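Trainee: Just a sequence and a predicted model for now, questions to come.
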Amino acid sequence: MRALILTAIIIVIAFVVKVDLTEGSIPLTALQTKNTATTSLCEKEPHYITVQTIEGDTIHSLFALHPAKVPMTFPERLQLFYQLNPHLQLQEISPGEHIKLPLSFELANNCGK
């Protein structure tokens, strides 16, 4: 009987680990509540251009070819890049792919100021 219970526990733990590794962290985001009505009005939206990549393109080379219109640090621009292209967080840039390059920030709304 102990072996059966131990086997069931191991299977449950293995399933939880598998789900965690394939779908990301155990869904704690469901516990976080956002007020989307107020956050969407005050978020910054970047200006961007769409470019088609060629063989050998990297994020660094694309940023160098298309500089930002306003001064921003590389981490800030990289964060905007991944917001615009979330599919590239876990994969390389493929030749012929159309991606969005951030150029600057613009406030979507002045948030009452």
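Mentor: Nice, thanks for sending it over.
Trainee: contacts, neighbours, all on C-alpha from now
Mentor: Fine.
Trainee: Got the domain ranges for the protein?
Mentor: When the chain is parsed with automatic domain parsing, its domains come out as 1-33, 43-113.
Trainee: So, low pLDDT: which residues of the chain?
Mentor: 23-46, 106-113 (pLDDT under 70).
Trainee: quick one: the strands in the chain?
Mentor: For the chain, strands defined by DSSP state E occupy the ranges 44-52, 98-107.
Trainee: winner for burial among the domains of the chain?
Mentor: Stretch with highest mean neighbour count among the domains of the chain: domain 43-113 (a mean of 14; mean count of other Cα atoms under 10 Å).
Trainee: From the chain's centroid, how far away is it?
Mentor: 11 Å (Cα atoms, centre = their mean, to the nearest Å).
Trainee: Who are the contact partners of F81?
Mentor: K100, L101, P102 (Cα atoms under 8 Å, 6 or more residues apart in numbering).
Trainee: Equivalent analysis for T50, please.
Mentor: Counting by Cα under 8 Å, 6+ apart, T50 makes contact with H98, I99, K100, L101.
Trainee: that older thread, which stretch among the strands of the chain approaches V19 most closely?
Mentor: Taking Cα to Cα, strand 98-107 is the member of the strands of the chain nearest to V19, at 29.6 Å.
Trainee: Give me the helices and strands touching the closest one, please.
Mentor: strand 44-52, helix 74-84 (3 or more Cα pairs under 8 Å, 6 or more residues apart in numbering; DSSP states H and E).
Trainee: Looking at these, spot the one closest to L6.
Mentor: Judging the helices and strands packed on strand 98-107 by Cα to Cα, what sits closest to L6 is helix 74-84, at 42.9 Å.
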